[in-house]
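Participant: Got a sequence here, can you build the structure:
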Amino acid sequence: MRNETVKTDITVVGGGLAGVNAAIAAARLGRTVALVNNRPVLGGNSSSEVRVWVCGATAHGTQRYARETGIMGELFVENQFRNKEGNPYFWDMVVLEAVRAEPNIQLFLNTDVHEVEADGEADDRTIRAAIGWMMGSERRIRFESAVYLDCTGDGLVGFLAGARYRLGREARAEFGEEWAPEVADEITLGSTLLFYTKDTGHPVKYTPPRMAIDVTKTTIPERRIIRSGDNGCAYWWIEWGGEHDTVHDNERIRDELWSVIYGIWDYIKNSGKFDAENMTLEWVGALPGKREYRRFVGDYVLNQNDILAQREFDDRVAFGGWSIDLHPPQGVYATESGSKHMFADGVYHIPFRSLYSANVNNMLMAGRDISASHVAFGTTRVMATCAVMGEAAGAGAALCAAKGITPRELHGNHLRELQQTLLRQDASIIGLRGEDEADLARRASVSASSERSRFGIEQSAYAIPLETDIGITVPVDPKLDGIELLVDAASQTTLVVELWDTGRPENYVPHAKLAEASVDLSAGGMQWAKLDLSWTPQMACNAFLVVKANEALSLQLSDRPSSGVLAYRKSGLSNPSRPNEEHQAGQPLVAWRKHEFDHAAPCIRLTSETAAFAADKTIDGYLRPYGGPHLWSSERMTEGRSEWLELAWNEPAPIRELHLVFNDDVNDDLINLHHHMTPYEAMPTLVKDYRVEALKHDEWVTVAEGRGNYKRKNVHRLEAPLQSDRLRIVVEATNGAAYAEIVEVRVYA
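Facilitator: Numbers count the residues shown, from 1 in each chain. The predicted structure follows:
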């Protein structure tokens, strides 16, 4: 046996997406990091060992403009470029290479931390060391750091250190949560095993193992959807263990889940009800994907009411958007639906106080063990949300280590620095403006070769009948002074459109009706119908237009999406084939569905000019849509003509580092594995080829460039400082979009 001591600024225990993002965030801020994981691969439940697809704020496209940026966004976009088919082993490599790219990270795989040295009183504990055993290498490793992050999911490090925690469901009266039980208990969400199938091209017999259950003697065939050709995503409901201890009973839970999988496969193969003669099981998981165990107590416990009210915490550092998604304790054997969902009207905020321990003064946490009630945990637990919390906690840990302070002191005295640091790294804090005093771009005047000031989507590809109400959101900046819609009329009729606000800048649902307009139309196709809808809000925002159902009318659509505009179909609840939606009645986010229009846009024109795509949006401090698109968009690009964005200063500026953020369309729902496939490798809206020019001695000189770019954020560090009073980003080509678009430019000395 070998005994070793590893000393770093920060130790991160847990190599799921929360731990990976935390380690990368801290390393990029100059801190040395030990990332310790007890499995041979990174990614946690998303890895090839478990194969749960990474869900997040997009809620599979239910939320609008909600895909994560920052490190999690980088992983999504990188995986899309390399692995759009969703191979789980390729995803493992995307995550591993992101970690190995950071020289400040020491990675310890197959290392199980099961000892913690901590001292102090119960209310003021300090971790001195975490000790792990590297399996297969006979190495006992002692990790010593100033700051520790528990990203283990089960919360083992904090538990061993004496951190206060909760287990199970709080009573309804504690936080006034509608979905909490009347009496507190220790029930949790259960664990899941997944499986893959394949068609071999020839008949394959199946003899079930003795452990396989007879599913016909359960409620499974009646209450769950079973199909022969589905992939593992369709069987998320193979869940069990919520009434047991998901850690101490882990082996029993695994065996029960195996018996269910092999029983379901027996039903598919041998009942005669499915076309499965040539099908076989290709892979069955052996490591249960846990949903819930310990949740640490921080200085704030996030709860259901915070989620639904979208409470705008002063110390918000991350966001989510998945529904509050709770499952019956009996799991697969329950007679009720496999899950119930409650959505806020838009994305919600996560405070920094929920990411550090209330009584262990040098411990932060991220992932499913954060400080949240059981009900709020029902949404924060999904992996992309865990990842963005990981980035926030990792950045917080880096600042704590650099300053020699506790997370509580960081919150009390340096909160703005933490938030601005996250924004500089392209992490999203919804509604918070970047105000980095060191950013020279904030003092520049900005102009462009062109701006999309006359907004119109005019090239139609197909038409849809107005069988139901259709919603359209458009930017209003500074005012709305009429719209035009391209429609077909089968007979003489009247088109009616309502104008609503959205309530909050981050929301995309109708909130309050402001006006209504109508226009009489004669029979005929491809008519531009003008509606006199006017609105001058106090600040730039989105308008929600409701195009009322009319059987005589069809609405023309383009087959390309367009930045700043989204469309939705008004649906009644619920799809009978989706019984888990029975709890969603009255939820606007569900009633107005955008999936049908994710890669399309209605043919619409704004009759007055808009400033929504002006060049100066690139230095307004916003990194994503928030009451408007917050990006520069040129006029339509033409062959052989480049578009450019220019920054100018009154006197030469010392330029050393450039941060360029391009538009990767955060409305598009990317995924790491096999839940669905987005067709393109590089997001079409991203700038593909560009060069950066500086004016030197009255001549434009190229100082940096990008070729074949498919990333959202690019940082260019010049070999030597450059003195210039004008800087241009020249866009030569995009990855398919018709417009050159840039979200943000930062310049540092």
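Participant: Strands of the stretch 551-700 of the chain, start to end?
Facilitator: Listed in chain order, the strands of the stretch 551-700 of the chain (DSSP state E, counting those that start in this stretch) span residues 566-570, 592-593, 601-602, 604-606, 632-633, 643-662, 687-696, 699-706.
Participant: What is the first one packed up against?
Facilitator: Spelled out, that is strand 566-570. Where contact means 3 or more C-beta pairs under 8 Å, 6 or more residues apart in numbering; DSSP states H and E, strand 566-570 is packed against strand 470-476, strand 592-593, strand 601-602. Every residue, glycine included, has its C-beta placed from N, CA and C.
Participant: That strand: partners in the sheet, and parallel or antiparallel?
Facilitator: strand 470-476 (antiparallel), strand 592-593 (antiparallel) (DSSP bridges).
Participant: Need the winner for burial among those.
Facilitator: Counting by mean count of other C-beta atoms under 10 Å, strand 470-476 has the highest mean neighbour count of the strands paired with strand 566-570, with a mean of 24.
Participant: how many neighbours does Thr678 have?
Facilitator: Thr678 is flanked by 16 other residues according to other C-beta atoms under 10 Å.
Participant: should've said Pro209
Facilitator: For Pro209, using other C-beta under 10 Å, the count is 10.
Participant: just for the chain, where's the confidence low?
Facilitator: 573-585 (pLDDT under 70).
Participant: Buried ones in the longest strand along it, by neighbour count?
Facilitator: Using DSSP state E, we find that the single longest strand of the chain is strand 713-734. Residues of strand 713-734 classed as buried: 713-714, 722, 724, 726-734 (neighbour count, 16 or more other C-beta atoms under 10 Å).
Participant: now that strand: how far from the chain's centre is it?
Facilitator: When C-alpha coordinates are averaged (C-alpha atoms, centre = their mean, to the nearest Å), strand 713-734 and its chain have centres 29 Å apart.
Participant: ok and that strand relative to strand 643-662, angle-wise?
Facilitator: 140 degrees (axes from the mean of the first three to the mean of the last three C-alpha atoms, to 10 degrees).
Participant: Starting from strand 713-734, tell me which strands it pairs with and how they run.
Facilitator: Counting by DSSP bridges, strand 713-734 is paired with strand 643-662 (antiparallel), strand 687-696 (antiparallel).
Participant: could you give the angle of the longest one to strand 699-706?
Facilitator: Translated: strand 643-662. Using the same axes, to 10 degrees: strand 643-662 against strand 699-706 is 30 degrees.
Participant: Just give me how far strand 643-662 sits from the chain centre.
Facilitator: The answer for strand 643-662 is 30 Å, by C-alpha atoms, centre = their mean.
Participant: ok, now how distant is Met150 from Ala366?
Facilitator: Careful, residue 150 is Asp; it's not Met. 8 Å (C-beta to C-beta, to the nearest Å).
Participant: same question but for Lys340, I mixed them up
Facilitator: Using C-beta to C-beta, we find Lys340 at a distance of 26 Å from Ala366.
Participant: who has more neighbours, these two?
Facilitator: Ranked by neighbour count (other C-beta under 10 Å), Lys340 and Ala366 place Ala366 first, with 35 against 19.
Participant: Touching, the more buried one and Tyr356? I think so.
Facilitator: No. Ala366 is beyond contact range of Tyr356, at 9.8 Å (criterion: C-beta atoms under 8 Å).
Participant: okay, and the common contacts of these two?
Facilitator: With contacts defined as C-beta atoms under 8 Å, 6 or more residues apart in numbering, the residues shared by Ala366 and Tyr356 are Ala393.
Participant: So what's the residue count around Met539?
Facilitator: 10.
Participant: And for Asp477?
Facilitator: Asp477, neighbours per other C-beta under 10 Å, totals 24.
Participant: Please apply the same query to the one 3 residues further on.
Facilitator: Leu480 sits with 24 neighbouring residues when counted by other C-beta under 10 Å.
Participant: who's in contact with it?
Facilitator: Residues near Leu480 by C-beta under 8 Å, 6+ apart: Val474, Leu499, Leu533, Ser534, Trp535, Thr536, Ala543, Leu606, Ser608.
Participant: How about Thr685?
Facilitator: Thr685 neighbours (C-beta under 8 Å, 6+ apart): Ser563, Phe662, Asn663, Asp664, Asp665, Thr734, Asn735, Gly736, Ala737, Glu741.
Participant: what about it, distance to Gly736?
Facilitator: For Thr685 relative to Gly736 (C-beta to C-beta), the value is 8 Å.
Participant: In stretch 451-460, which residues are buried?
Facilitator: Quick answer for stretch 451-460 (16+ other C-beta under 10 Å): Glu451, Arg452, Phe455, Ile457, Ser460.
Participant: Let's see that stretch as CSV, backbone CA atoms only.
Facilitator: These are the backbone C-alpha positions of stretch 451-460, laid out as CSV (Å, rounded to 0.1, in the frame of the first residue of the first chain):
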residue,chain,number,x,y,z
GLU,A,451,-28.0,46.6,-38.4
ARG,A,452,-31.2,44.6,-38.7
SER,A,453,-33.4,47.7,-38.0
ARG,A,454,-36.2,46.7,-40.4
PHE,A,455,-37.3,43.5,-39.0
GLY,A,456,-39.1,41.1,-41.3
ILE,A,457,-39.3,37.3,-41.9
GLU,A,458,-40.7,37.3,-45.5
GLN,A,459,-39.6,34.0,-47.2
SER,A,460,-42.4,31.5,-46.7
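Participant: Much appreciated, bye for now.
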